[in-house]
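Engineer: here is a sequence with its predicted model. Questions after.
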Amino acid sequence: MSDMHSHLAFVRTEMLAQQEPPIKEKGIVKWARSNLFSNWVNSVLTIVALYVIVRLIFSAGPWFLNGIWDTSSLAQCREILDGARGACFSVLSERWQQLLFGIAYPSDQYWRPTLAFVLMLVAAAPVLFVALPRAMLIITGLFPFVAYWLLWGGTIMTSVFVLIGVVVGYLVFTKAERFGFVLGLVAGLIAAVVVWKIGGAITPAVDGIMVLEPVASRDMGGFMLNMMLGVVCISLSLPIGIMLALGRQSHMPIIKGISVVFIEFIRGVPLITLLFVASVVLAYFFPPETNMDLILRVIIMITMFSSAYIAEVIRGGLAALPKGQYEAADSLGLDYAQAMRLIILPQALKISIPGIVNVAVGLFKDTTLVSVISMFDLVGMIRGPILASTEWNGVYWELYGFAALLFFVTCYSISQYSQWLERQLRTDHR
Amino acid sequence: MKKSVFLGALTVAGLTAGAAAAATLDDVKARGTLNCGVTTGLVGFAAPDANGEWQGFDVSVCRAVAAAVLGDPTAVEFVPTTGKTRFTALASGEIDLLARNTTWTFSRDTDLKFDFVGVNYYDGQGFMVPKALGVTSAKELDGATVCIQTGTTTELNLADFFRTNNIEYTPVPIETNAEAQPLYLEGACDVYTTDASGLAATRAAFENPGDHVILPEIISKEPLGPLVRHGDNDWGDIASWTLMALIAAEEYGITSANIEEMSAGTNNPEINRILGTEGELGAMIGLDAEWAKRAIAAGGNYGEIFAKNIGEETPVGLARGLNAQWTDGGLLYAPPFR
């Protein structure tokens, strides 16, 4: 039998060479056929979309290409363009410092917010990327104090004393913690306050050390102000939000009550109302000369607002955990703080990441609302001083496009990071 | 406990506020700067330039008062305010003087407890429409959509005007003048109404100003002036007479160019009294003899300030009109310095 088979003429003895796929089934044609023209509905949509894109390119293209970068007023731009379509980007090249830093930040000091921004990226890195060496967290810890000194100026001793107070308070807390958590907290707080008081008394004496030109809060503005508000409020509202979420689940009626009332009240009020309270109503309560810093007032209000939202997001994460996790923690003999820190929160926070990022992105964009209470943030700068100057009255697309670009870059990076983080933390087997 | 502390704090705040209100001049001198409320930006009236220096017609009033009181026209802390925040900023003591194209009305003067110290610009509300609309009178605007700034007197005047003429309109509320411009140009509203000075400034910034007309009707009186808190009359007098000094300086021909020469002494006793070479006028308002001289030197007399910021040579291009001296048929009339 086997002999017979080997001599059959119609059985090939060698493999056929691999053939090219048919032209319809390979390369760009296949891709276009399966993705763009798979049926007639898709074909129509593709053609319509192509038409729209071409129209957009043809209408916006000349506008960008004809853009003028070096005039000193809109009237000059129009003169040069002489009726042709074209952007007047000169407003950006002349006023970019104001858009980034506000009108009154001294121009020879722009390196300070820039440095603070770079340091912020460095300080945020170890928090955001676990792979980086943990020693970098020291930079993160020092960053708020350095940034305050860089942005507001004055002597560095103010920041140093505040830092010493925090460190002493923490040390006292760790020593006193064995007598009870609350007692430790109170002792730590008292120690910190004592150090701050001493520091406040000494500061005038050592005023001359490493002094930067002081900059008042009302001189801050532009995108810098948006960044400051966004970064400070998000980083403050995360821990506060976690505490509120835990407080709301607590079995202690007073803590639970305070948390519920706070969250529900803040969530029931629009942010713009809180900002008006910060700028207008609070001014009546303080005596005129103890004028509390407007930025501080705004930071408090935005932080309250976003922590209420973050608390609800995290509560969702907590509620999503099966009851067995809580019981497992109890059966291991962990106390409340340990159970939360080691078992519950890591899982709950992981679930909450998309929600938290959502709040963070929304909050960052909401910082532009401060323009309504006459602070010159990026949008406030555009709406107020720049559009009201005789040179640039009437330039809209260029300015708002620039603002949109800055915000898009920031928000898109945040969202990309969160997606990356979700992939990193995924432990299930999907 | 918490409540009583809060109430206590309120009482203390109220008391200190009362005490501080009584001596704004001392506060300003102790602080070394004048806190002056201005708009967040209005072409020609107040806007920071590329270097962050505030410029404009209203800003000049702030600088003149600072020069008179503190001897330095740059010793001003400008506090930008919106139409909504301006009055609380003044009432709460955050600012000492509000120079923000604010219309002098009965209720603002009495009910809101402010004192208008004078009028630096006589304005009136007008309408601007595209020429293509073919409208020649505001009374033909039946059924129009109107862009209108919220929180201003123009909003109320508009309602009054349309009611008295028994015609209908749809308001499109906007926040600032800068916002109105694109809305109007894109046709979101048929008509833009605001003070005539604002209309002229807005139209001047258009690509084709000729395509738009400002209708002849002026439907309201808008005396715009600086204001201070009620109850501190000494401070109000200073602000008021600084403004009067600027106006009188134009009348008597004192300019920033010849002020040094004139302050050496002239044979016009009124000029001498203003410039402090004769009489004791400065001492009467708690300032030194040269207060008015410094105020005028800061930015020139009223006419110079007008010409530099909003006059016909500037892009805003406003004629003096009602804002001419009384000797030229206008309404500016400074009381005698005596």
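Structural biologist: That came through, no problem. Residues are numbered from 1 along each chain as shown, chains lettered A, B, ... in the order given.

Engineer: tell me the span between the first and last residue of stretch B:40-49.
Structural biologist: When the termini of stretch B:40-49 are compared using CA to CA, to the nearest Å, they are 13 Å apart.

Engineer: try stretch A:150-164
Structural biologist: Start-to-end span of stretch A:150-164 (CA to CA) is 18 Å.

Engineer: OK, contacts around A:L332?
Structural biologist: Listed by CB atoms under 8 Å, 6 or more residues apart in numbering or on different chains, A:L332 has no contact partners. Placement of C-beta: from N, CA and C, glycine included.

Engineer: mind checking how far it is from B:Q125?
Structural biologist: Plainly put, A:L332 is 75 Å away from B:Q125 if you go by CB to CB, to the nearest Å.

Engineer: over to A:F179?
Structural biologist: Distance from A:F179 to B:Q125, counting by CB to CB: 72 Å.

Engineer: what about these two, which has more around it?
Structural biologist: Neighbour count, other CB atoms under 10 Å in any protein chain shown: between A:F179 and B:Q125, B:Q125 has more, with 26 against 10.

Engineer: give me the beta-bridge partners of that one?
Structural biologist: The residues listed as beta-bridge partners of B:Q125 by DSSP bridges are B:D195.

Engineer: what's the local residue count around B:L331?
Structural biologist: Using other CB under 10 Å, B:L331 has 13 neighbouring residues.

Engineer: do the same with A:I202
Structural biologist: A:I202 is flanked by 12 other residues according to other CB under 10 Å.

Engineer: so which strand or helix has it?
Structural biologist: helix A:181-202 (DSSP states H and E).

Engineer: list the contacts of the helix or strand following that helix.
Structural biologist: Downstream of helix A:181-202, the first helix or strand assigned by DSSP H and E is strand A:211-212. For strand A:211-212, the surrounding residues in contact (CB under 8 Å, 6+ apart) are A:Q109, A:R112, A:W149, A:L150, A:G153, A:G154, A:T155, A:I156.

Engineer: and stretch A:156-167, what's buried?
Structural biologist: Applying a neighbour-count criterion of 16 or more other CB atoms under 10 Å in any protein chain shown, one finds A:I156, A:M157, A:T158, A:S159, A:V160, A:F161, A:V162, A:L163, A:I164, A:G165, A:V166 buried in stretch A:156-167.

Engineer: quick one, helices of the stretch 1-150 of chain B?
Structural biologist: Remark: helices assigned in the stretch 1-150 of chain B by DSSP state H, counting those that start in this stretch are B:2-21, B:24-31, B:57-70, B:86-91, B:106-110.

Engineer: and the third one with chain A, contact?
Structural biologist: No. Residues of helix B:57-70 contacting chain A under CB under 8 Å from any CB of the partner chain: none, with a closest distance of 11.6 Å.

Engineer: convert stretch B:225-236 to CSV, retaining C-alpha atoms only.
Structural biologist: Provided in CSV are the C-alpha atoms of stretch B:225-236 (Å, rounded to 0.1, in the frame of the first residue of the first chain):
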residue,chain,number,x,y,z
GLY,B,225,-18.1,108.5,39.1
PRO,B,226,-15.8,107.3,41.8
LEU,B,227,-17.4,106.4,45.2
VAL,B,228,-16.4,105.8,48.8
ARG,B,229,-18.1,104.2,51.8
HIS,B,230,-20.7,106.3,53.6
GLY,B,231,-19.8,107.6,56.9
ASP,B,232,-16.2,108.8,56.4
ASN,B,233,-16.8,112.2,55.1
ASP,B,234,-13.2,113.4,55.5
TRP,B,235,-12.1,110.7,53.1
GLY,B,236,-14.9,111.4,50.8
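
Engineer: quickly note the distance from A:I254 to chain B.
Structural biologist: Per CB to the nearest CB, to the nearest Å, A:I254 is found 14 Å from chain B.

Engineer: again with A:M252
Structural biologist: Per CB to the nearest CB, A:M252 is found 19 Å from chain B.

Engineer: quick check, pLDDT for that residue.
Structural biologist: We have a pLDDT of 90 for A:M252.

Engineer: neighbours around it, how many?
Structural biologist: Neighbourhood size, A:M252 [other CB under 10 Å]: 9.

Engineer: need the phi and psi values for it.
Structural biologist: Dihedral angles phi and psi of A:M252 (degrees, to the nearest 10) take the values phi -80, psi 120.

Engineer: for residue 305, what are phi and psi?
Structural biologist: No chain was given, so I picked chain A. phi -60, psi -50.

Engineer: that one against A:I266, yeah?
Structural biologist: Yes. The pair A:F305 / A:I266 is scored as a contact, 5.8 Å apart, by CB atoms under 8 Å.

Engineer: what about these two, which has more around it?
Structural biologist: Taking other CB under 10 Å, A:F305 and A:I266 do not tie; A:F305 has more neighbours (23 against 19).

Engineer: what's the nearest residue to that one if we skip its chain neighbours?
Structural biologist: Of all residues not flanking A:F305 in the chain, A:L271 sits nearest, at 5.2 Å (CB to CB, 6 or more residues apart in numbering or on different chains).

Engineer: one more: A:I382?
Structural biologist: Sequence neighbours aside, A:L399 is the residue nearest to A:I382 in space, at 4.7 Å (criterion: CB to CB, 6+ apart).

Engineer: need the per-residue pLDDT for the one you found.
Structural biologist: Predicted confidence (pLDDT) for A:L399: 93.

Engineer: in the one helix or strand it maps to, which residues are buried?
Structural biologist: Using DSSP H and E, A:L399 sits in helix A:397-425. Applying a neighbour-count criterion of 16+ other CB under 10 Å, one finds A:E398, A:L399, A:F402, A:A403, A:L406, A:F407, A:T410, A:C411, A:I414, A:S418, A:L421 buried in helix A:397-425.

Engineer: likewise for stretch A:75-91?
Structural biologist: Residues of stretch A:75-91 classed as buried by neighbour count (16+ other CB under 10 Å): A:A75, A:C77, A:R78, A:L81, A:G86, A:A87, A:C88, A:F89, A:S90, A:V91.

Engineer: so which bits of the stretch 201-338 of chain B are right by chain A?
Structural biologist: With CB under 8 Å from any CB as the criterion, the stretch 201-338 of chain B meets chain A at residues B:A201, B:T202, B:A205, B:F206, B:E207, B:T314, B:P315, B:V316.
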